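Trainee: any chance you can model this:
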Amino acid sequence: MSTKTIGINELADLMECGKQTILNNRKTHPLYRKAFKNGSGVNSALRWFQDDVDAYFEWRREEIRKKEAEFEAEAVNQ
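Mentor: Numbering: from 1, shown residues only. Prediction:
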């Protein structure tokens, strides 16, 4: 397990969304809710472990592949 972390700006770039989208969905999104504060202050920066980010993208890739396989199976059966 890596201890490398990324901040909200890097995550927003990877997710192709705005920082506010991440902040608004911190309680419900499977990746955004894994944030932790690097300090105890109210304004401490949010960070995410790179391993969690990588795992999320791998999970999304698998979900897309499953849907593509289902779509292809439906097309063959028609």
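Trainee: can you count the residues close to residue 25?
Mentor: Residue 25: 14 surrounding residues under other Cβ atoms under 10 Å. C-beta here means a position set from N, CA and C on the backbone, and glycine is covered the same way.
Trainee: that one contacts residue 32, doesn't it?
Mentor: Yes. The criterion here is Cβ atoms under 8 Å, and residue 25 meets it with residue 32 at 5.2 Å.
Trainee: can you give me the pLDDT of the residue nearest to the spatial centre of the chain?
Mentor: Nearest to the geometric centre of the chain sits residue 31, at 4.0 Å (Cα atoms, centre = their mean). pLDDT recorded at residue 31 is 97.
Trainee: now it: how far from residue 49?
Mentor: 10 Å (Cβ to Cβ, to the nearest Å).
Trainee: now residue 10
Mentor: Per Cβ to Cβ, residue 10 is found 12 Å from residue 49.
Trainee: how about residue 56?
Mentor: Residue 56 sits 11 Å away from residue 49, taking Cβ to Cβ as the criterion.
Trainee: ditto for residue 65
Mentor: 24 Å.
Trainee: who has more neighbours out of those two?
Mentor: Between residue 65 and residue 49, residue 49 has the larger neighbour count (other Cβ under 10 Å), namely 17 against 10.
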